[in-house]
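[1] 3D, please:
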Amino acid sequence: MPTTVWTSKRPVGAMFTTTNGTLQTAINFAVPTNKACNIRADIIATDAATGVTATTAGYMLAATFENSNGTVTQVSTTTVMHSKEDIAAPMDAVFAVSGTNVQLNITGDPGRTIRWSIWYEINLV
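    From the prediction side, this is the model:
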């Protein structure tokens with residue numbers, strides 16, 4: 001699982017594989033104390049074994065987080081600019097807070113091996 005130390009206005013790419021609908025943390029970013037950040041993610045997923053287009057999902061997400069004296073919270077809600085899932089593909093991508101980290105969690109399709117491509121950028125101030 002890659003951990004981003006600090007990135008600002010520079011896209012970072014990562015590839016992942018999920019099996020059997022298990023949740024996996026794709027981004028794990030430690031928000032420094034008394035800092036805030038925007039995170040944007042562009043995510044595409046499809047069946048790794050066959051490339052079957054009936055098992056495809058795509059997401060574009062944006063969110064703002066802040067660390068106030070060691071407590072990380074999300075400011076308002078995640079903006080979902082794009083969320084398309086093939087009717088046969090119950091996959092998901094969501095931001096979450098874990099301690100002082102912001103995570104992007106991905107969940108694949110039960111019974112399938114899913115290949116994910118994720119481009120993201122973090123703007124920290």
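[2] Every contact and neighbour count from this point should use C-alpha atoms.
    Will do.
[3] list the contacts for the residue nearest the centre of the chain?
    For the chain, the residue nearest the mean C-alpha position is Leu104 (3.1 Å; CA atoms, centre = their mean). Applying CA atoms under 8 Å, 6 or more residues apart in numbering, we find Leu104 in contact with Thr25, Ala26, Ile27, Asn28, Ala93, Val94, Phe95, Ala96.
[4] host element of it?
    Following DSSP states H and E, one finds Leu104 within strand 101-107.
[5] after that strand, next one along is what?
    Heading C-terminal from strand 101-107 (DSSP H and E), you reach strand 113-124.
[6] now that next one, how far from the chain's geometric center?
    Chain-centre distance of strand 113-124: 6 Å, with CA atoms, centre = their mean, to the nearest Å.
[7] Give the other helices and strands that that strand contacts.
    Where contact means 3 or more CA pairs under 8 Å, 6 or more residues apart in numbering; DSSP states H and E, strand 113-124 is packed against strand 12-19, strand 36-47.
[8] Return the member of the ones you listed having the minimum mean pLDDT.
    Note on these: strand 12-19 shows the lowest mean pLDDT, a mean of 84.
[9] Quick check: the residue of the chain most remote from its centre vs Met15, distance?
    Centroid-distance maximum for the chain: Asn69 at 24.8 Å, with CA atoms, centre = their mean. Taking CA to CA, to the nearest Å as the criterion, Asn69 is separated from Met15 by 33 Å.
[10] Repeat that for Ile27.
    Note on Ile27: its distance to Met15, by CA to CA, is 11 Å.
[11] what do you get for Val97?
    21 Å.
[12] The two: which has the busier surroundings?
    Val97 (17 against 13; other CA atoms under 10 Å).
[13] Good, we can wrap up now.
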